[in-house]
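Chemist: Generate a structure from the sequence data that follows.
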Amino acid sequence: MAAMGRTFAIANGVLAFLFLVSAFLQFNDPDSLRWFAMYVAAAVACVVAWRVRAGWWTAAAVGLVAVIWAAVLSPILPELRLDDLAREMKAANPQIELSRELLGLLIIAAWMIVLVLVSRRTRARR
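Modeler: Numbering: from 1, shown residues only. From the prediction side, this is the model:
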């Protein structure tokens, strides 16, 4: 495996692990089941993209769901203040929680795009 391939595999493994951690951190949320499912789906997409030749389809599907869900939450963007997101763990108002959820979806979507691009580029080289 080339150095870039190894580095990418490590990054993908780290992201899969972080998505799983995020999934289990959702259990204190009122709408935990759907967030748990989203983060687990992202972790599964990481593993599938790594192990299955046509795994980019899974990443594309998860990424599409994340983008659509983020678009639904995006009306809160005008009220988003980045300094409020990390000030304290407890969300003082619903906008902070929604902003954090939106950020999580954007992270998922961004990594799923990376998985699709890398997978398709790797496949094209073969």
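Chemist: Could you use CA atoms for every contact and neighbour count after this?
Modeler: OK.
Chemist: buried stuff in stretch 46-62?
Modeler: 46-50, 55-62 (16 or more other C-alpha atoms under 10 Å).
Chemist: so where does the residue most central in space within the chain fall, helix or strand?
Modeler: Centroid-nearest residue in the chain: I108, 1.6 Å away (criterion: C-alpha atoms, centre = their mean). Element membership of I108 [criterion: DSSP states H and E] is helix 94-125.
Chemist: I'd say T58 and W50 touch.
Modeler: No: taking contacts as C-alpha atoms under 8 Å, T58 lies outside contact range of W50: 11.0 Å.
Chemist: Return the distance of stretch 48-62 from the chain's centre.
Modeler: Relative to its chain's centre, stretch 48-62 lies at 14 Å (C-alpha atoms, centre = their mean, to the nearest Å).
Chemist: Convert that stretch to CSV, retaining C-alpha atoms only.
Modeler: The C-alpha trace of stretch 48-62 is given here as CSV (Å, rounded to 0.1, in the frame of the first residue of the first chain):
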residue,chain,number,x,y,z
VAL,A,48,-17.7,-0.3,3.3
ALA,A,49,-15.7,2.2,1.2
TRP,A,50,-12.5,0.7,2.5
ARG,A,51,-13.5,-3.0,2.1
VAL,A,52,-15.8,-3.1,-0.9
ARG,A,53,-14.9,-2.3,-4.4
ALA,A,54,-18.2,-0.5,-5.2
GLY,A,55,-18.5,0.9,-1.7
TRP,A,56,-18.6,4.5,-2.9
TRP,A,57,-22.3,4.0,-3.5
THR,A,58,-22.8,3.7,0.3
ALA,A,59,-20.8,6.8,0.9
ALA,A,60,-22.7,8.7,-1.8
ALA,A,61,-26.1,7.6,-0.3
VAL,A,62,-25.1,8.6,3.3
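Chemist: how much space between W111 and Q95?
Modeler: From W111 across to Q95, the span is 24 Å (C-alpha to C-alpha, to the nearest Å).
Chemist: ok, now I108?
Modeler: 20 Å.
Chemist: what's the answer for A109, then?
Modeler: 21 Å.
Chemist: Neighbour count for those two, which is higher?
Modeler: Between A109 and Q95, A109 has the larger neighbour count (other C-alpha atoms under 10 Å), namely 24 against 17.
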